[in-house]
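1. From the sequence below, what's the structure:
(one chain, ligands or ions: 1)
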Amino acid sequence: MSAHMCCEKVRKGGDRWRSYYRPCKRPGSVERDGKWYCGQHDPVAREERFQKSVAETKARWAEEAKANRIRAAAPQLLEALQGMFDLVGDRAPEWDDSRIDAAVAAIAAATGETK
Ligand SMILES: [Zn+2]
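-> Below you'll find the model as predicted:
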């Protein structure tokens, strides 16, 4: 038994109109502003867990946004790449700049980068 118990109150029951709380049963492991907290209820550790969760969510959203951009640009990319293959396949001495521009635009749309 620690000299200090965690000061946090945890929900022990209730219904949709009211909640009942009891003191946390864990010993306090860290003191913050004169109050003792267990590892789970330590405000600093809670904030770190929250910020980690926010960072993970933002990273997941960025990945989804990237995937959505590529999906949206897929028809344009395909057409542009086919144009490039036509260009190389013909081995034409005169390069068609409009097809190069289309490939550049498709890649920009897929990557989200604009110049
Ligand atoms: Zn606690």
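2. going forward, measure contacts and count neighbours with C-alpha atoms only.
-> Noted.
3. shaky segments in this structure?
-> Per-residue confidence for the chain (pLDDT under 70) gives these ranges: 1-2, 89-96, 99-100, 103-104, 107, 114-115.
4. residues in it within reach of the ion, list them.
-> Residues of the chain found near the ion (C-alpha under 5 Å from the ion) are Cys6, Cys24, Cys38, His41.
5. So which residues of this structure form helices?
-> Under the criterion DSSP state H, helices of the chain are mapped to 43-90, 97-111.
6. Tell me which of the ones you listed sits most buried.
-> A comparison of the helices of the chain by mean neighbour count, using mean count of other C-alpha atoms under 10 Å, puts helix 97-111 on top with a mean of 17.
7. The ion versus Ala62, what's the distance?
-> Counting by C-alpha to the ion, to the nearest Å, the gap between Ala62 and the ion amounts to 34 Å.
8. Next: Val88.
-> Between Val88 and the ion the distance, using C-alpha to the ion, works out to 68 Å.
9. so what's that residue up against?
-> Contacts of Val88 were listed using C-alpha atoms under 8 Å, 6 or more residues apart in numbering, and none were found.
10. that older thread, out of the helices of the chain, flag the one nearest Asp15.
-> Comparing those by their distance to Asp15 (C-alpha to C-alpha), the top pick is helix 43-90, with 26.0 Å.
11. isn't Cys7 right next to Pro23, touching?
-> Yes. Shown here, Cys7 and Pro23 form a contact pair, counting by C-alpha atoms under 8 Å, at 6.7 Å.
12. Who has more neighbours out of the two?
-> Applying other C-alpha atoms under 10 Å to Cys7 and Pro23 shows that Cys7 carries more neighbours, namely 19 against 13.
13. How about the contacts made by that one?
-> When the contact criterion is C-alpha under 8 Å, 6+ apart, the partners of Cys7 are Pro23, Cys24, Gly28, Lys35, Trp36, Tyr37.
14. what are the phi and psi values for it?
-> For Cys7, the backbone dihedrals are phi -90, psi -10 (criterion: degrees, to the nearest 10).
15. Glu48 versus that one, what's the distance?
-> For Cys7, the distance to Glu48 (C-alpha to C-alpha, to the nearest Å) stands at 19 Å.
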